[in-house]
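S.K.: build me a structure from this.
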Amino acid sequence: MAQGQGFVNQPPAGDGRSAYRAPVGLNGDDIVARMLDRNRLRSEQLQRYSAVRTYEIRNPEGKLAAQAVVRVDYQAPDKKTFNKTSEKGSGIVRHLVFDRLMQSESETSSGREHRNSAITAANYSFTLVGEGDAGPYHCFVFEATPKSKEKYLFEGKIWIDAEDFAIVKIAGHPAKKPSFWINSVDFVRQYQRIDGFWLPYRDETFVEVKIYGRRIFTVDHQQYVINPANPLQAETGDAGDRN
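M.R.: This is a model prediction of the structure:
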């Protein structure tokens, strides 16, 4: 299993769109097309997985407000179930934040909500702005601009692995303000490569809430077990897959 990484590198400062040129033989549309094609193939091969998540909310000083440890089980094509194994801290926070987050994830894993939230050309415009490293992965960096103000879309940047053409990192803010009580939301999602698949590693969200101030919400994704009945070999093990 891939180990957790500290994704501290950021894209070069400034806009960079006028100065950056894609590698010879590739342009931004080519890279996005490869990403979408590889994502489709990986999605078809991912039949099931389980993982353990730790949801936490802390204040800027690090004091814990609430925590929940949850086992998540995925079954293709779109079923996710969540079972809490432990909880502590504010029950109100756990209900209003953790429970609603799991509910929205279940909704966006299938049907119209899934189509409306997917990172695709139907939902976003992509602009190639440069290259950069995200942890151990060398990536193409794109600006992602939502084509509508759907509640599950975001505005920000994505990092696409230069070998696997998978999303390694997303950083941005929601396209639509979540609620009247929230002044701002900025998030970073990091992915890890396990058995040829790219799955969430860590989510970190900084929220400015009216009255309560700034809070830091994290989700750590660990202990993945993927396709236990028929593990997939790493797809980049075939040199032809990189052409």
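
S.K.: mind naming the longest helix for this structure?
M.R.: When the chain is parsed with DSSP state H, its longest helix is helix 28-45.

S.K.: all strands for the protein, in order.
M.R.: For the chain, the strands defined by DSSP state E cover 48-58, 64-75, 79-89, 124-134, 137-146, 154-161, 167-174, 182-194, 197-209, 213-226.

S.K.: out of those strands, which gets the lowest mean score?
M.R.: Lowest mean pLDDT of the strands of the chain: strand 182-194, a mean of 87.

S.K.: who does it touch, helix- and strand-wise?
M.R.: strand 167-174, strand 197-209 (3 or more CB pairs under 8 Å, 6 or more residues apart in numbering; DSSP states H and E). C-beta here means a position set from N, CA and C on the backbone, and glycine is covered the same way.

S.K.: 10 Å instead, please
M.R.: strand 137-146, strand 154-161, strand 167-174, strand 197-209, strand 213-226 (3 or more CB pairs under 10 Å, 6 or more residues apart in numbering; DSSP states H and E).

S.K.: give the buried residues for the second one.
M.R.: Which is strand 154-161. Phe154, Gly156, Lys157, Ile158, Trp159, Ile160, Asp161 (16 or more other CB atoms under 10 Å).

S.K.: apart from its neighbours in sequence, what residue is nearest the most centrally placed residue in the chain?
M.R.: For the chain, the residue nearest the mean C-alpha position is Arg189 (4.4 Å; CA atoms, centre = their mean). Closest residue to Arg189 apart from its sequence neighbours, by CB to CB, 6 or more residues apart in numbering: Ile170 at 4.6 Å.

S.K.: the one you found reaches Tyr201, doesn't it?
M.R.: No - Ile170 is beyond contact range of Tyr201, at 11.7 Å (criterion: CB atoms under 10 Å).

S.K.: looking at those two, which one has more neighbours?
M.R.: Taking other CB atoms under 10 Å, Ile170 and Tyr201 do not tie; Tyr201 has more neighbours (24 against 19).

S.K.: and the more buried one, how far from Ser90?
M.R.: Applying CB to CB, to the nearest Å, the value for Tyr201 to Ser90 is 26 Å.

S.K.: mind listing the shared neighbours of Ile170 and Tyr201?
M.R.: Arg189, Gln190, Tyr191 (CB atoms under 10 Å, 6 or more residues apart in numbering).

S.K.: quick check: which of the strands of the chain is nearest to Glu107?
M.R.: strand 79-89 (9.9 Å; CB to CB).

S.K.: just give me the neighbour total for the residue lying closest to Phe165 once chain neighbours are set aside.
M.R.: Excluding the flanking residues, the one nearest Phe165 by CB to CB, 6+ apart is Arg34, at 4.2 Å. Per other CB under 10 Å, the neighbour tally for Arg34 reads 16.

S.K.: from memory Arg34 sits against Leu26, does it?
M.R.: Yes - counting by CB under 10 Å, Arg34 does reach Leu26; the two are 8.5 Å apart.

S.K.: which neighbours do those two have in common?
M.R.: Shared contacts of Arg34 and Leu26, counting by CB under 10 Å, 6+ apart, come down to Phe140.

S.K.: ok, the residue nearest to Arg202 when sequence neighbours are not counted to Ile158 distance?
M.R.: Leaving aside its chain neighbours, Arg202 sits nearest to Gln190 (4.9 Å; criterion: CB to CB, 6+ apart). Counting by CB to CB, the gap from Gln190 to Ile158 is 12 Å.
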